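Student: please find the sequence and the predicted model below.
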Amino acid sequence: MSNVYVLDHPLIQHKLTYIRKKETGTKDFRELVDEVATLMAFEITRDLPLEDVSVDTPVVDNATAQVLSGKKMGLVPILRAGLGMVDGMVDLIPAAKIGHVGLYRDPETLKPVEYYVKLPSDIEDRELIVLDPMLATGGSAIEAINSLKSRGAKQIRLMCLVAAPEGVELMQEAHPDVDIYLAALDEKLNDKGYIVPGLGDAGDRLYGTK
Ligand code: PRP
Ligand code: URA
């Protein structure tokens, strides 16, 4: 799985365990997803380009130091569960613009249904990170990325908390150019399309619905 990166930092793994636990209530679930998103943002931004600048420090003039070389970033949460990862990402990438793609998974067919798209006008110039806690069958992420590409997006990464191998495989077939960042790659999907062991329905647990 060459373009799949499991971010196995101990803090991410520790917090993910509490996210998975069924006893974890909405408030803690939301806070933990937020914290894990920040930790994943730290890992996913490791390869941002830097450039040299000259600074005067209190000790010496014209020291060479480095700053980010101004890459334009965009975050695209898939509604609604992806929204739970936005604030945690923005803590580390405050200048990112944010687009939204609204999809829900039809409970009968498990196929994604698009209901909303609103994106920054310059998405073709931005490095986009698509956010969704769950990559299950892969249908939602594939459809969201189809939607972004059809509107001109060129550089896209996908960041999820938990994925099933089935969804990863379909994503790789559909979008081999999109690197996938995960907190965990789980065992399988069950017959209802839920990730096993997973964490249940991410949207319901984030928003206290159902
Ligand atoms: C969940 C989840 C993903 C999708 C993953 O959303 O947040 O978007 O399912 O499943 P897939 O990989 O099989 O497409 P859901 O449709 O439950 O909508 P919600 O975020 O509004 O709860
Ligand atoms: N969507 C979820 O929220 N959880 C799953 O396990 C699968 C799809």
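Tutor: Right, received. Where do you want to start? Ligands and ions are numbered 1, 2, ... in the order given.
Student: what residues does this protein put near ligand 1?
Tutor: 78-81, 104-105, 110, 112, 132-141, 167, 193, 201-203 (CB under 6 Å from any ligand atom). Using the backbone N, CA and C atoms, a C-beta is placed for each residue, glycine as well.
Student: just the ones of the residues you listed in helices?
Tutor: Counting by DSSP state H, the part of the residues of the chain next to ligand 1 found in helices is Gly139, Ser140, Ala141, Gly167, Ala202, Gly203.
Student: residues contacting the first one?
Tutor: Residues in contact with Gly139 (CB atoms under 8 Å, 6 or more residues apart in numbering) are Arg105, Leu110, Lys111, Pro112, Leu170.
Student: please list all residues in contact with whichever residue of the chain sits closest to ligand 1.
Tutor: Minimum separation of the chain from ligand 1 (CB to the nearest ligand atom) falls at Gly203, amounting to 2.3 Å. With contact set as CB under 8 Å, 6+ apart, Gly203 has these partners: Arg80, Ala81, Thr209.
Student: same check, this time on Tyr116
Tutor: Residues near Tyr116 by CB under 8 Å, 6+ apart: Leu79, His100, Val101, Gly102.
Student: how near is it to ligand 2?
Tutor: Taking CB to the nearest ligand atom, to the nearest Å as the measure, Tyr116 falls 18 Å from ligand 2.
Student: next one: Ala174
Tutor: With the distance defined as CB to the nearest ligand atom, Ala174 ends up 17 Å from ligand 2.
Student: wait, is Asp191 part of a helix?
Tutor: No: counting by DSSP: H, G, I helix; E, B strand; the rest coil, Asp191 is not part of a helix but coil.
Student: in this structure, which helix or strand is least confident?
Tutor: With mean pLDDT, DSSP states H and E as the measure, the helix or strand of the chain carrying the lowest mean pLDDT is strand 100-105 (a mean of 91).
Student: the spatially closest residue to Ile78 that is not a sequence neighbour: neighbouring residues, count only.
Tutor: Nearest non-adjacent residue to Ile78, counting by CB to CB, 6 or more residues apart in numbering: Asp132, 4.2 Å away. Asp132 has 28 neighbouring residues, counting by other CB atoms under 10 Å.
Student: remind me, longest strand of this structure?
Tutor: strand 155-163 (DSSP state E).
Student: from Leu79, how far off is the closest residue to Tyr104 other than its chain neighbours?
Tutor: Excluding the flanking residues, the one nearest Tyr104 by CB to CB, 6+ apart is Val113, at 5.6 Å. To Leu79, Val113 is 12 Å away according to CB to CB, to the nearest Å.
Student: any shared contact partners between the two?
Tutor: Leu103.
Student: more crowded one of the two?
Tutor: Comparing Val113 with Leu79 by other CB under 10 Å, the one with more neighbours is Leu79, at 18 against 13.
Student: so what's that one up against?
Tutor: His100, Val101, Gly102, Leu103, Tyr116.
Student: quick one on the thing from earlier: just the buried residues of the residues of the chain next to ligand 1.
Tutor: Those of the residues of the chain next to ligand 1 that meet the buried threshold are 78-81, 105, 112, 132-141, 167, 193, 201-203, by 16 or more other CB atoms under 10 Å.
Student: many thanks, have a good one.
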